[in-house]
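**Q** coords below, sequence missing:
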């Protein structure tokens, strides 16, 4: 998946209503009417949010008899997890370098203590 | 040799925050020094393919910092302010000069675990999910393979 596709996913999830829709779809498929129920916005506005999520391939509405349920595309989150995992690994590599610095500090400080000890 | 617990990450679903948690074999005082002494900081902040040069460094509350990473003659500069610096906590801003409008607010906590061990917790808050997207993506651009090579080296020579 190209980086700009991932950007689209993140952009789609930048909106609180769309994040809420995604959270609710994680529990199971739902129709547009069911999704719209808790919001103080028009059904049309909910369709607009769904369009953004569909364009980013976060959700899909598989063809079939009406009302077609909206489905969360779980693979999208696997990809985001991978992305976050790479960031985590980069942080881990940085912290391993910090481990080495701390090991040096510990060594130097132990040496100094020994020198002080022998001077007494 | 103590076992290393790997870095934990959390990308908050409701606010554009990235949190990292990691334990270290070092005292809070040593961790603090590794973050505030420019010579020590330069040793670990960048991958080995990058040369990190500290251009400005005033690690006091209200001070500022700037460092420049060079790879193949190409320079990337980062800067920010030390908002608050104290032994158990650092609050600072972080900006990549290539994207000067993007400012992350970072908080670092050094938690004493006793027996010379410390838990480092960091939190980076950015101004939008799009910005967090960009931060996360930047993680992909630095050579992952190189990081593993460095890691293997450190494992081999007993550094870790």
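**A** It's in. Predicted model, so just to flag it, every value in this text is computed and none were measured. Numbering: from 1, shown residues only, chains lettered A, B, ... in the order given.
**Q** Could you count how many residues lie near residue B:92?
**A** 20 (other C-beta atoms under 10 Å in any protein chain shown). No exception for glycine: its C-beta is placed from N, CA and C like everyone else's.
**Q** was I right about it contacting residue B:79?
**A** No: the criterion here is C-beta atoms under 8 Å, and residue B:92 misses it with residue B:79 at 10.3 Å.
**Q** Which neighbours do these two have in common?
**A** By the contact definition C-beta atoms under 8 Å, 6 or more residues apart in numbering or on different chains, residue B:92 and residue B:79 are jointly contacted by residue B:65.
**Q** hey, where'd the strands end up in the chain?
**A** Looking at chain A here, since you left the chain open. A:59-60, A:71-72 (DSSP state E).
**Q** Actually, chain B is the one I wanted.
**A** Going by DSSP E, chain B shows strands at B:8-11, B:17-24, B:51-57, B:63-71, B:74-86, B:89-96, B:104-114, B:117-125.
**Q** Just the buried residues of stretch B:68-84, please?
**A** B:68, B:69, B:78, B:79, B:80, B:81, B:82, B:83 (16 or more other C-beta atoms under 10 Å in any protein chain shown).
**Q** just these that are near chain A?
**A** Among these, not one lies near chain A by C-beta under 8 Å from any C-beta of the partner chain.
**Q** Which one of these is nearest to residue A:99?
**A** Set against residue A:99, the nearest of the buried residues of stretch B:68-84 by C-beta to C-beta is residue B:69 (20.5 Å).
**Q** Against residue A:96, how distant is the closest one?
**A** Per C-beta to C-beta, to the nearest Å, residue B:69 is found 18 Å from residue A:96.
**Q** ditto for residue B:55
**A** Applying C-beta to C-beta to residue B:55 and residue A:96 gives a distance of 25 Å.
**Q** The two: who's more crowded?
**A** residue A:96 (21 against 12).
**Q** Residue A:16: neighbouring residues, count only.
**A** Here the number of neighbours of residue A:16 (other C-beta under 10 Å) works out to 9.
**Q** Distance of it relative to residue A:70?
**A** 18 Å.
**Q** Residue A:62 too?
**A** Separation of residue A:62 from residue A:70 (C-beta to C-beta): 9 Å.
**Q** hang on, isn't residue B:5 packed against residue A:99?
**A** No: the criterion here is C-beta under 8 Å, and residue B:5 misses it with residue A:99 at 11.3 Å.
**Q** With neighbour numbers in mind, choose between those two.
**A** Neighbours per residue (other C-beta under 10 Å) separate residue B:5 from residue A:99, with residue A:99 holding more: 20 against 11.
**Q** so the more buried one touches residue B:23, yeah?
**A** No: here residue A:99 lies out of contact with residue B:23, judged by C-beta under 8 Å, at a distance of 10.2 Å.
**Q** tell me the contacts of the residue nearest to residue A:62 when sequence neighbours are not counted?
**A** Of all residues not flanking residue A:62 in the chain, residue A:71 sits nearest, at 6.3 Å (C-beta to C-beta, 6 or more residues apart in numbering or on different chains). With contact taken as C-beta under 8 Å, 6+ apart, residue A:71 is in contact with A:25, A:29, A:59, A:60, A:61, A:62.
**Q** which residue is nearest the centroid of chain A?
**A** The residue lying closest to the centre of chain A (C-alpha atoms, centre = their mean) is residue A:80, at 5.3 Å.
**Q** Got the confidence number for it?
**A** At residue A:80, the pLDDT value in this model is 71.
**Q** Check residue B:141 too.
**A** 41.
**Q** same question, residue A:12
**A** 83.
**Q** hmm, back to that, give me whichever of the strands of chain B is most buried.
**A** Neighbour counts (mean count of other C-beta atoms under 10 Å in any protein chain shown) averaged over each of those peak at strand B:17-24, with a mean of 20.
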